[in-house]
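Peer 1: Have a look at this prediction, sequence included:
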Amino acid sequence: MNQSDVTPDLELLTAIETLCREAGQAILAVAQGGDLETRAKADDSPVTAADLAAHRVLVEGLARLTPQIPVLSEESDKADIVARRDWQTFWLVDPLDGTREFVNGSGEYTVNVALIQGTRSVLGVVDAPVLRATWSGLDGVGAFREDANGRTAIRVSPEPEVLRVVASKSHLDAQTAALIERLTPVETVSCGSSLKFCRIAEGDADLYPRYAPTCEWDTAAAQAVLEAAGGCVFDAQSLTDGQPDVLRYNARDTLRNPFFIACGQSDGRWRQVLEC
C-alpha cells in the first residue's frame, strides 16, 4: 500500500484522538515527576522531556496505525525536514504545542496531529491534556469536541455585532493592533495558540489574526478542525493582494508559515475592513 491509498475516515480520526490522549498522558506524567529537563534548541525555543515523551508516543503510534505514511514532527531529525518536500501525504505533528506555557505551569498547551495530503490539512486532532478536552476535524465530515460531558459536533457561529478577536491583550504586535482598531467594537479573547482556532471552531470566538512567526506544525491540526467546522484560515498576504488563498502546507522550502487570519465567517465584516 502506498501513501495515496489512504482515505481518512472516522475510524482513523478516532484512532488519532486516542493516540493524542496517550501522548497527553505522557506529558502529564513528566509534569508530575517534576524533572522537566528543559533545554534550549538552536532557535532558542525550549524543549523538555515532555516534548520528547509525547513525540515518541506519537511517532510509534502512527507507525503502527499507518506504516506507509511518513511522519514529520517538530522533534524529527533534520533529514526528515528535507525529505518531506518529496512527500505527497504525511503526518505533521507538534508533540507539545505551547512548551513555554507548559514550563510556566499553564494548562493551555496541546498535542497536535494533522494529516497532510498535497498542500492541505485534511484531518486534525488537538488534545489539551490539562483541560481534558479534544477537538478534531475531518474534511468533508465535520468537527467535534470531546470532554467529560461527551462528544458533540461543533460549528462556527454567525458573525456577531461585536467581533470576538483571539489575540494577546498585553503583547499585541503593531499589525494586529492596527487591525483590531479598525474592527472596533471588538472583544478580545485570550488563550493558547492551537486553542485559538478551536475557540473559533466551536463558536466562542470569531477571528484570529496572526502577524507573528509560526511553523507548519503549530497550525495544521487546528486548521483542519476549524475548516471542518465551517471556518477558514487565509494566507494574510493573499488577502492584501486581492487573491484570497488558504494557508497551505509543504508548499514552500521553509516550514515557517506566512502570516494568516483564521476566521469563522470568511466573508464577514472583518474582511471588508481589511480590504478597504
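Peer 2: Structure received. Here the structure is a predicted model, which means the values were calculated and not measured.
Peer 1: Going by C-alpha atoms from here, please, whenever you check contacts or count neighbours.
Peer 2: Will do.
Peer 1: confidence score at the closest residue to residue 182 other than its chain neighbours?
Peer 2: Once flanking residues are discounted, residue 182 sits nearest to residue 273: 6.8 Å by Cα to Cα, 6 or more residues apart in numbering. For residue 273, the model assigns a pLDDT of 82.
Peer 1: Tell me where the stretch 101-250 of the chain has helices.
Peer 2: Listed in chain order, the helices found in the stretch 101-250 of the chain under DSSP state H, counting those that start in this stretch are 174-183, 193-201, 216-228, 236-240.
Peer 1: Looking at those helices, which one is packed in the most?
Peer 2: Comparing the helices of the stretch 101-250 of the chain by mean neighbour count (mean count of other Cα atoms under 10 Å), helix 216-228 ranks first with a mean of 29.
Peer 1: Alpha carbons of that helix, as CSV, please.
Peer 2: The C-alpha trace of helix 216-228 is given here as CSV (Å, rounded to 0.1, in the frame of the first residue of the first chain):
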residue,chain,number,x,y,z
GLU,A,216,3.5,24.5,10.0
TRP,A,217,3.2,22.0,12.9
ASP,A,218,1.8,24.8,15.0
THR,A,219,-1.3,25.3,12.9
ALA,A,220,-2.0,22.2,10.7
ALA,A,221,-4.1,20.2,13.1
ALA,A,222,-6.1,23.2,14.4
GLN,A,223,-6.7,24.4,10.8
ALA,A,224,-8.2,21.1,9.9
VAL,A,225,-10.6,21.4,12.9
LEU,A,226,-11.6,24.9,12.1
GLU,A,227,-12.2,24.2,8.4
ALA,A,228,-14.2,21.1,9.2
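Peer 1: Any idea how far it is from the middle of the chain?
Peer 2: 4 Å (Cα atoms, centre = their mean, to the nearest Å).
Peer 1: How about stretch 205-223?
Peer 2: 6 Å.
Peer 1: Please work out which helix or strand belonging to the protein has the smallest mean pLDDT.
Peer 2: In the chain, the helix or strand scored least confidently by mean pLDDT, DSSP states H and E is strand 39-40, which has a mean of 50.
Peer 1: about what we covered before: any idea which element the residue nearest to residue 182 lies in?
Peer 2: Residue 273 belongs to helix 269-275 when elements are defined using DSSP states H and E.
Peer 1: Check which helices and strands that helix is in contact with.
Peer 2: Here helix 269-275 touches helix 174-183, helix 236-240, going by 3 or more Cα pairs under 8 Å, 6 or more residues apart in numbering; DSSP states H and E.
Peer 1: Let me know the average pLDDT across the longest one.
Peer 2: Helix 174-183 shows an average pLDDT of 87 in the prediction.
Peer 1: likewise stretch 109-120?
Peer 2: 97.
Peer 1: What are the buried residues along the helix holding residue 273?
Peer 2: residue 270 (16 or more other Cα atoms under 10 Å).
Peer 1: Show residues contacting stretch 73-93.
Peer 2: 3-4, 51-52, 55, 58-59, 69-72, 94-95, 112-118, 216-217, 220-221, 250-251, 253 (Cα atoms under 8 Å, 6 or more residues apart in numbering).
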